[in-house]
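>>> Quick one, structure for this:
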Amino acid sequence: MFKKLLTHFKDSILLSNRPEKPMDQYFIFYNEAENEWIGLLKSSVSEQELQLLKSLFTLVEYEPSSAMTLPQTWYEFLLMDGPPPSQKKENNVRLIQFYLHHHNPDPSEIETALTGFFSEEVIIFWENNHRGIVIEEKSQIALTEEELIAMTGTLESDFYVKISFFIGKRYPLTKLLPSRFREERDFFAFGLAHLNSTNIFTYERIFPAYLAYHLPEEIKQKVNNEILEIFQQDPELFSTLKIFLENNLNASLTAKKLYIHRNTLQYRIDKFTEKTGLSLKDFYGAFTVFLACLLFDYQQK
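Residues are numbered from 1 along each chain as shown. A predicted model of the protein is given here:
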């Protein structure tokens, strides 16, 4: 029965057991006959539908709290123009967004895993059953990009869930933080839609592609057509140069990712330089070729 509800209610989720604490954006129902739980996004359930569901299943209710929980406070602050959290206003915070590429993940299991990776001190709240935010305070030990990459591999192997992260910058806890968060959320959405070579995103990684994508047509037309023609004729060369540039011109790392010998990599780079006269060892040449790579990538989509 609950599986049929999944197709009707937007962003509904099946749960493996009863959540220990309220999921603020969801109604939780229990089907005793099948011994299963489902979370229905409150915004997608009408009052009439709610009454009907309550007559068919058990609505899981929790003891009322006299005050909002800390995750609720952050949800209201960042997404609903609520007041800033009152504690530790002197600290800077880093907002790490995550997105689950999965139809029906169990938020409670994912949250437990994330808390184990970060620290019990971090605050986690969910926008919906696919998107959430981890809030790190300055006093906490911040995970590095390499550690987040390792985390994605562990989550994928243990939970069969692909996850992407956007690592935000550190900002002071002021009334300006929600607008900063919305900017980073827009960049994250762009990265998820247009960049498939990574699952760890930052502003620096996304902005060049964002800029190239939004260039006026007359400027796009001025990009060296010779480079684009070479990419069209030799897609392998395009992939090689793009990965080489994305990895900071590190030949060893690029060769490893491409599963080729360094001499093969150097041969391809030399062939491109010979054809175009552009040297990737020069910053301006590398920038021009990288911009051409980004534009060519979009043309193929």
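
>>> What's the separation between Leu253 and Tyr259?
From Leu253 across to Tyr259, the span is 12 Å (CB to CB, to the nearest Å). No exception for glycine: its C-beta is placed from N, CA and C like everyone else's.

>>> between these two, who's got more neighbours?
More neighbours surround Leu253 than the other of Leu253 and Tyr259, with 14 against 7 (other CB atoms under 10 Å).

>>> OK, contacts around that one?
Asn247 (CB atoms under 8 Å, 6 or more residues apart in numbering).

>>> Can you pull the phi and psi angles for it?
phi -70, psi -40 (degrees, to the nearest 10).

>>> Please report how far it lies from Leu245.
Leu253 sits at a distance of 12 Å from Leu245 (criterion: CB to CB).

>>> do the same with Thr58
57 Å.

>>> So for those two, which residue has more residues nearby?
Set Thr58 next to Leu245 and count neighbours by other CB under 10 Å: Leu245 wins out with 19 against 13.

>>> Model confidence for the closest residue to that one other than its chain neighbours, exactly?
Sequence neighbours aside, Phe290 is the residue nearest to Leu245 in space, at 4.7 Å (criterion: CB to CB, 6 or more residues apart in numbering). The model reports Phe290 with a pLDDT of 93.

>>> I'd assumed Phe290 was in a helix, is it?
Yes - counting by DSSP: H, G, I helix; E, B strand; the rest coil, Phe290 is part of a helix.

>>> List the residues that contact it.
Here Phe290 is in contact with 208, 242, 245 (CB under 8 Å, 6+ apart).

>>> try Leu291
So Leu291 contacts 208, 212, 223 (CB under 8 Å, 6+ apart).

>>> what's near enough to touch the first one?
Contacts here follow CB under 8 Å, 6+ apart; on that basis Pro208 touches 290-291, 294.

>>> List the ones among the contacts of Leu291 that fall in helices.
208, 212 (DSSP state H).

>>> and of the contacts of Leu291, the nearest to Gly285?
Val223 (13.5 Å; CB to CB).

>>> wait, that closest one sits on Val289?
No - using CB atoms under 8 Å, Val223 makes no contact with Val289, being 10.1 Å away.

>>> Give me the more crowded residue out of these two.
Val289 (24 against 17).

>>> so that one makes contact with Leu278?
Yes - Val289 is within contact range of Leu278, at 5.9 Å (criterion: CB under 8 Å).

>>> shared neighbours of these two, which are they?
Shared contacts of Val289 and Leu278, defined by CB under 8 Å, 6+ apart, comprise 227, 272.

>>> and stretch 213-233, how far apart are its ends?
22 Å (CA to CA, to the nearest Å).

>>> Which positions within it qualify as buried?
The neighbour-count check on stretch 213-233 (16 or more other CB atoms under 10 Å) flags 223, 227-228, 230-231 as buried.

>>> Out of these, which is nearest to Phe2?
For the buried residues of stretch 213-233, the nearest to Phe2 is Phe231 (49.1 Å; CB to CB).

>>> Go ahead and confirm the closest one touches Leu237.
Yes - counting by CB under 8 Å, Phe231 touches Leu237, with 6.9 Å between them.
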